[in-house]
Each structure stands twice: as structure tokens, then as C-alpha cells.
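1. no FASTA, just this:
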């Protein structure tokens with residue numbers, strides 16, 4: 001007895017006529033898609049979430065390191081703080097993804113006498129789609145923070 005394979009042209013009529021409904025292959029692609037599509041959609045959303053998170057991390061790291069480099073030219077702590085905050089404000093105003101209302105800047109010196117200057121940039125992710133997407137993949141992210149430290153030089 002020959003094994004009958006259903007094709008799209010038969011529209012299942014030939015399968016029913018010959019009693020080979022169990023061997024009919026019409027609809028297999030739809031069934032496979034229904035089984036695989038949710039996992040693929042989940043993976044795509046996870047990649048989008050992770051990519052957006054890495055984008056924000058990169059932006060903040062670049063912002064903190066550039067602010068630290070630009071502020072090291074100041075002669076006093078007040079001047080360094082002002083230079084760092086001004087640099088961050090100008091950079092965020094030109095940024096396509098960062099919101100100035102969700103950003104905060106902290107500066108500090110360390111050492112005795114002070115030899116290092118640190119700039120910490122913190123960002124709240126509440127106004128981005130990352131917290132919503134991160135719930136799907138169980139990554140608790142709401143705030144990110146990056147710190148850059150630079151050593152005083154020239155004296």
C-alpha cells in the first residue's frame with residue numbers, strides 16, 4: 001500500500017476518500033508556526049530590551065567619562081563641579097535618547113590630599129520601555145549609574 005502525502009491542491013478531500021487522514025500533511029506549517037512563534041517573539045523582545053539597556057549603559061558611561069575629562073581642568077572643586085554639570089547638560093540636550101529630567105550628576109574628590117575626581121551619572125529608566133520589557137525576561141532594572149574617575153595632573 002502506497003503512503004499518501006497530502007499536498008495543497010487536494011484540500012484534504014483525497015485524504016478523506018482514501019482513509020489516510022493521519023498521514024495528511026496539510027496544516028503542518030501552521031501548527032509548527034503556532035508552536036514556534038511565541039518563543040521567537042519572546043526572544044526578539046528580549047533582544048530589543050537587552051539592546052536598549054546596553055545603549056543606555058553605553059551613553060551613560062561615555063557621558064560620565066567625558067564629563068570627568070572636561071572637568072579636570074578646573075582649579076577648584078566648585079569650578080570642576082560646575083564644568084562637569086555644564087558638560088552633562090550640554091551633552092544631554094544633544095542626545096537623542098536621554099531625558100534631562102531623568103538624569104542626575106554627582107561629583108566627588110578622593111584622597112588626602114585630593115588626587116582623584118569622580119563623576120557619577122545616574123539615570124532613571126521609568127520613562128523608557130525597558131522596565132515593561134524587562135518584566136517579560138525577569139531583569140529588574142529601574143535605575144542605572146556609571147562612575148568615571150580621573151586623576152588630577154599637572155601639579
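-> All right, it came through fine. Computed from a predicted structure; not experimentally measured.
2. Distance-wise, check residue 59 relative to residue 95.
-> Counting by C-beta to C-beta, to the nearest Å, the separation of residue 59 from residue 95 is 7 Å. (Glycine included, C-beta is placed from N, CA and C.)
3. Now do stretch 27-47, average pLDDT.
-> On average, the pLDDT along stretch 27-47 is 87.
4. buried set for that stretch?
-> Neighbour counts over stretch 27-47 (16 or more other C-beta atoms under 10 Å) mark residue 46 as buried.
5. Pick out whichever of residue 59 and residue 95 has more residues nearby.
-> Taking neighbours as other C-beta atoms under 10 Å, residue 59 and residue 95 compare with residue 59 leading, 20 against 13.
6. so how far is residue 99 from that one?
-> Per C-beta to C-beta, residue 59 is found 11 Å from residue 99.
7. Also residue 144?
-> Going from residue 144 to residue 99 by C-beta to C-beta gives 13 Å.
8. Pull the number of nearby residues for the nearest residue to residue 89 once chain neighbours are set aside.
-> Spatially, and ignoring its direct neighbours in sequence, residue 89 is nearest to residue 100 (7.0 Å; C-beta to C-beta, 6 or more residues apart in numbering). When neighbours are defined as other C-beta under 10 Å, residue 100 has 11 of them.
9. do the one 10 residues further on as well
-> For residue 110, the tally of surrounding residues (other C-beta under 10 Å) stands at 10.
10. residue contacts, it?
-> Applying C-beta atoms under 8 Å, 6 or more residues apart in numbering, one finds that residue 110 lies in contact with 116, 118, 149.
11. let's see 10 Å
-> The neighbours of residue 110, taking C-beta atoms under 10 Å, 6 or more residues apart in numbering as the test, are 116, 117, 118, 149.
12. what sits opposite it in the beta ladder?
-> Following DSSP bridges, residue 110 is listed with bridge partners residue 116.
13. Quick check: mean pLDDT of stretch 134-141?
-> Mean pLDDT, stretch 134-141: 70.
14. No further questions, thank you.
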